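Participant: give the three-dimensional model of this entry:
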Amino acid sequence: MRRGLTIGEFAQLTRLSVRTLRRYHEARLLEPATVDEATGYRYYSREQIPQAQVIHRLRELDLPLAEVERVLATDDPGTRADLIAGHLQRLEDQLDRTRAAVTSLRQLLRPDVAGLAVELRSLPARTVAAIEAVVDLDAVLGWYDGAMAELDAAVAGRAGFAPPGGVYANELFTAGRGSMLVYRPVTDAPATGRVAPRTLPAVELAVTVHSGPHDDLDVTYGRLGGWVVEHALAVDGPVHETYLCGPRDTPDPRRWRTELGWPVFRLSPP
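Facilitator: Residues are numbered from 1 along each chain as shown. Now for the predicted structure:
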């Protein structure tokens, strides 16, 4: 009596290699229906074909073997969906990081420091509505979103509205943890929650505008730094950013414009 499909036959039917089927067996993801004790031959059933194909699809998505096992072990469709959705989100995050790296590399391979438009600008001391904290570099985006939402709510309806900005300590980038200050330049800055009036000192900046997505913001910073080394005297101080148009204004990254300001020292007045 035929015991079932040999591993070779099963491989042909599922379009999976014999080596892959053996690996699935070893990982206890897809065990043969029977194994001949005398010969060690593996035999599979027709009913196992869909299961093998499901495993293959999950592995094509790079789902780790341990998570594939969890997906197969549960009978709850919601749990299965959550496990797969969580992995898909990780894939999308990885794709975003890959796209950002590719964008930066393209910019780096086409350096054009000479073509960078830089303005030397003197900013007077000014009082703003601000939130400040010491933040870990990997928590910057989450902290920024929360702080800006709180700022927007606190200054809504006040006079003197202008594009928001940020002042970021060098340690944030060099040590992975440092001071972040985000602000709204409004008159009569309120004090509520984390929001408080803050006087920003006068500063001399070399300013350029980064247009487009923030994926290669570091490349523009590098070009600006190169310009400063060649044309001005850099000083130790936080970098300044002004968000002329950003994600809070439009979902289209092509329309984003961010002013980057590098602290400098000038002997002559502007």
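
Participant: what lies in contact with stretch 52-59?
Facilitator: Contact with stretch 52-59 is made by 10, 14-16, 20-21, 24, 29-30, 44, 65, 67-68, 71-72, 84, as judged by CB atoms under 8 Å, 6 or more residues apart in numbering. Where C-beta positions appear, they are placed from N, C-alpha and C, glycine not excepted.

Participant: narrow the residues you listed to those in helices?
Facilitator: Under the assignment DSSP state H, the contacts of stretch 52-59 contribute Phe10, Thr14, Thr20, Leu21, Tyr24, Leu65, Glu67, Val68, Val71, Leu72, Ile84 to helices.

Participant: from those residues, list the buried ones, please.
Facilitator: Neighbour-count burial (16 or more other CB atoms under 10 Å) is assigned, among the ones in helices among the contacts of stretch 52-59, to Phe10, Thr14, Thr20, Leu21, Tyr24, Leu65, Val68, Val71, Leu72, Ile84.

Participant: save those as CSV, and put in pLDDT and distance to Ser179 too.
Facilitator: Below are those laid out as CSV (pLDDT from 0 to 100; distance: CB to CB, whole Å):
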residue, pLDDT, distance to Ser179
Phe10, 87, 61
Thr14, 85, 57
Thr20, 86, 52
Leu21, 88, 56
Tyr24, 87, 52
Leu65, 79, 43
Val68, 81, 44
Val71, 81, 44
Leu72, 77, 48
Ile84, 78, 40
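
Participant: farthest pair in those residues?
Facilitator: Across those, no pair lies farther apart than Phe10 and Ile84, at 24.8 Å, counting by CB to CB.

Participant: list the residues that contact Thr250.
Facilitator: Going by CB under 8 Å, 6+ apart, the list of residues near Thr250 reads Trp256.

Participant: show me the contacts for Pro32.
Facilitator: Counted by CB under 8 Å, 6+ apart, Pro32 has contacts Gly4, Ile7, His25, Arg42, Tyr43, Tyr44.
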